[in-house]
Each structure stands twice: as structure tokens, then as C-alpha cells.
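Peer 1: sequence unknown, structure follows:
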């Protein structure tokens with residue numbers, strides 16, 4: 001079979017011409033080979049594990065109560081008096097020496113009943129015409145200096161973290177946020193609930209409602225030694241707690257030990273190193289060894 005030879009090739013040796021013609025009839029092999037840099041697998045958003053600081057916060061839920069050592073019970077000193085006039089009601093703030101009620105003496109005339117301390121009238125049993133006694137129920141209960149405690153409960157595991165004097169931030173229903181300090185923790189726990197009891201003194205002179213609900217946040221420590229990842233990067237299962245990372249364009253599953261949590265971040269105490277590329281939103285769709293295309297979180301936005 002004769003081959004047509006272009007004019008410019010007539011002077012080339014016959015062997016070289018044959019080789020060129022053979023190559024021209026074979027499809028390009030380079031076009032069939034996959035590009036090693038071409039993306040493979042699903043695109044996943046990753047972020048670099050970095051160290052972060054976490055505050056160890058104990059939450060205390062409870063109710064507002066007057067301090068047991070700050071209450072003054074006001075009653076007349078003698079028997080057989082009757083309430084003639086009531087000059088203070090529960091919720092009133094009174095000063096030391098202020099008249100709370102006028103009482104009628106058995107022999108006639110009146111006697112005034114005054115508070116020995118300044119504070120808040122938290123309770124009153126005074127009724128016009130009722131008999132008042134020095135041994136009976138107090139006519140008025142005064143919270144001296146408007147001193148209140150948040151009486152709360154905490155899990156047994158948190159009892160040892162609390163120390164007298166630790167500052168607390170307390171959110172009280174209907175009163176906003178106020179400051180307080182740990183005053184005392186009970187030496188025992190409730191046998192049924194296994195909860196410990198704590199008293200948090202409320203600082204300041206705010207007017208509060210007894211028995212209103214409150215929640216205190218107490219910072220008991222700080223940790224800055226470990227890396228942090230978003231809560232969305234952590235998977236919880238029967239096999240333990242894991243985080244998925246991307247290494248050499250493939251998924252690796254790491255079993256981790258978690259620690260403190262704050263603002264959507266979780267402390268990783270073991271299982272991750274600083275700089276590991278972590279899958280920002282782990283899920284069951286990614287399995288060990290799956291090829292993926294890592295997209296940094298900053299580029300995914």
C-alpha cells in the first residue's frame with residue numbers, strides 16, 4: 001500500500017517518515033490519562049484545629065430567699081395588745097426605728113411597734129383588731145439590709161468546684177442580671193436526687209421578690225491548653241465521640257476526648273493536634289477513607 005508523502009518530507013529518511021505516519025494514526029495517549037490534580041470526591045468544608053481558651057462554668061438554678069441570719073422578727077414585748085393601725089405592708093422598704101403599727105393597750109392608750117433594723121418588709125400577719133402577743137407569731141418580718149440568697153442546687157460532680165467567695169452572675173426572673181458571691185455549699189447531697197445545695201449571696205440593694213426563680217453562672221476555672229472545634233464537627237455514637245479530619249484528600253475518623261464547651265465550641269483534650277484539618281460539619285455520609293475535596297471555611301462563605 002502506498003502512502004502519500006507531503007512535499008516537505010521528501011528529503012527525510014524513509015524510516016523517520018514511517019514513524020511519523022504511524023504516530024499520526026494513533027489517538028493521543030496523554031488526553032486519556034487522568035489529571036492528578038483534578039478534584040475527586042465530594043467537597044467538604046474544613047477548618048484548622050487551633051488552641052482556644054475555655055471557662056469552666058457551673059450553672060446553679062434556684063429561688064430567691066431572704067438570708068436566714070438577716071431576718072428580724074418584730075412583735076410586741078407584752079401580752080394582750082390589739083392592732084389598731086397598720087403602717088407598713090409586705091414589700092415596703094423601712095428604716096431603723098420606723099413605726100410599723102400602732103397597738104391598743106389593755107388599760108387604754110396606744111403603743112407604737114417599731115422596727116429595730118432597716119430593710120425590706122417580707123411578711124406581715126398584722127390584722128386590724130387582732131390580738132398581738134410577745135410570744136405569738138411575729139407581726140412583721142424584716143429582711144435586714146435587704147439581704148437575699150439564691151438558694152440553688154447543682155449536680156454532685158460540680159460541688160467540689162465551688163469555693164466560698166467565688167463571683168457569680170445571676171439572672172433573676174423579672175429583675176434582670178445582678179451580681180452575687182458563693183456564700184456556702186452544703187456538706188451533704190440529697191439522697192434521692194443526688195444534687196448538692198449552694199447559697200449565693202446577692203450583692204447590692206435591689207428590691208427582689210421572695211421565691212422568684214433565678215439562675216447563676218459561676219466561673220470556676222479556665223483552660224487554654226487544648227484545641228477547639230465547633231460542636232457541629234463532633235459526632236456522638238455507640239463507639240464513642242469522634243471527629244472527622246481530612247488528610248491526603250481522604251477522610252480519617254479520630255476518636256476524641258471532649259472537655260469544656262462555650263459559645264458553640266468544644267474543647268478537645270485528646271485525639272486532635274493543632275493544625276489538623278477538621279470537617280466543619282461531620283456526618284454519617286462521610287466514611288473512613290472516602291476521597292474528598294477540602295474547601296477551607298474562609299473560602300466556603
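Peer 2: That came through fine. Quick caveat: nothing in here was measured; it's all calculated off a predicted structure. Numbers count the residues shown, from 1 in each chain.

Peer 1: Which element is encountered next along the chain beyond the lowest-mean-pLDDT helix or strand in the chain?
Peer 2: The weakest-scoring helix or strand in the chain, judged by mean pLDDT, DSSP states H and E, is helix 14-24 (a mean of 51). Per DSSP states H and E, helix 14-24 leads on to strand 42-48 as the next helix or strand towards the C-terminus.

Peer 1: what residues does that next one touch?
Peer 2: Residues outside strand 42-48 that contact it (C-beta atoms under 8 Å, 6 or more residues apart in numbering): 229-230, 233, 245-246, 275-281, 285-286, 290, 292-297, 300. Bear in mind the C-beta positions are built from the backbone N, C-alpha and C, glycine included.

Peer 1: any idea how far residue 169 is from the residue most central in space within the chain?
Peer 2: With distances taken as C-alpha atoms, centre = their mean, the residue of the chain nearest its centroid is residue 262 (6.1 Å). Using C-beta to C-beta, to the nearest Å, we find residue 262 at a distance of 14 Å from residue 169.

Peer 1: the domain parsing of the protein - what is it?
Peer 2: 42-54+224-300, 57-66+146-223, 72-144 (automatic domain parsing).

Peer 1: is it possible to export the ones you listed to JSON lines including mean pLDDT?
Peer 2: Converted to JSON lines, the domains of the chain look like this (pLDDT from 0 to 100):
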{"stretch": "domain 42-54+224-300", "mean pLDDT": "90"}
{"stretch": "domain 57-66+146-223", "mean pLDDT": "88"}
{"stretch": "domain 72-144", "mean pLDDT": "90"}
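
Peer 1: Surely the residue nearest to the centre of the chain and residue 55 touch.
Peer 2: Yes - counting by C-beta atoms under 8 Å, residue 262 touches residue 55, with 6.3 Å between them.

Peer 1: in terms of contact, does residue 72 touch residue 119 like I think?
Peer 2: Yes - the pair residue 72 and residue 119 qualifies as a contact (C-beta under 8 Å) at a distance of 7.2 Å.

Peer 1: Tell me where this structure has helices.
Peer 2: For the chain, the helices defined by DSSP state H cover 14-24, 156-159, 297-300.

Peer 1: Show me the contact partners of the second one.
Peer 2: The reference is to helix 156-159. 58, 185, 189, 194-196, 198.

Peer 1: so which of those is the most crowded?
Peer 2: Within those, most neighbours by other C-beta atoms under 10 Å means residue 198, with 25 neighbours.

Peer 1: what separates the closest residue in space to that residue that isn't next to it in sequence from residue 162, distance-wise?
Peer 2: Once flanking residues are discounted, residue 198 sits nearest to residue 185: 4.9 Å by C-beta to C-beta, 6 or more residues apart in numbering. Per C-beta to C-beta, residue 185 is found 5 Å from residue 162.

Peer 1: And for residue 206?
Peer 2: According to C-beta to C-beta, residue 206 and residue 162 sit 23 Å apart.

Peer 1: do residue 171 as well
Peer 2: 18 Å.

Peer 1: When these two are compared, which one has more neighbours?
Peer 2: residue 162 (20 against 13).

Peer 1: quick revisit: right, and the residue nearest to residue 198 touches residue 161 too?
Peer 2: No - at 9.8 Å, residue 185 and residue 161 do not qualify as touching, with contact defined as C-beta under 8 Å.

Peer 1: now what about stretch 171-190, what contacts it?
Peer 2: Stretch 171-190 has contacts (C-beta under 8 Å, 6+ apart) with 64, 149-150, 153, 156, 159, 162-170, 195-204, 206, 208-209, 212-218.

Peer 1: circling back to that earlier point, between the contacts of helix 156-159, which is closest to residue 222?
Peer 2: Residue 222 lies nearest to residue 58 out of these, by C-beta to C-beta, at 13.1 Å.

Peer 1: Just grab the bridge partners of the closest one for me.
Peer 2: With DSSP bridges as the criterion, residue 58 is bridged to residue 218.

Peer 1: what's it in contact with, if anything?
Peer 2: So residue 58 contacts 154, 158, 161-162, 217-218, 220 (C-beta under 8 Å, 6+ apart).

Peer 1: filter these to the buried ones?
Peer 2: The neighbour count (16 or more other C-beta atoms under 10 Å) marks 154, 158, 161-162, 218 as buried among those.

Peer 1: ok, the nearest residue to residue 223 once chain neighbours are set aside - contacts?
Peer 2: Setting aside the residues directly before and after it, residue 223 is nearest to residue 54 in space (C-beta to C-beta, 6+ apart), at 5.0 Å. Counting by C-beta under 8 Å, 6+ apart, residue 54 makes contact with 222-224, 228, 259-262, 265, 267.

Peer 1: Distance of residue 54 relative to residue 139?
Peer 2: Residue 54 is 52 Å from residue 139, by C-beta to C-beta.
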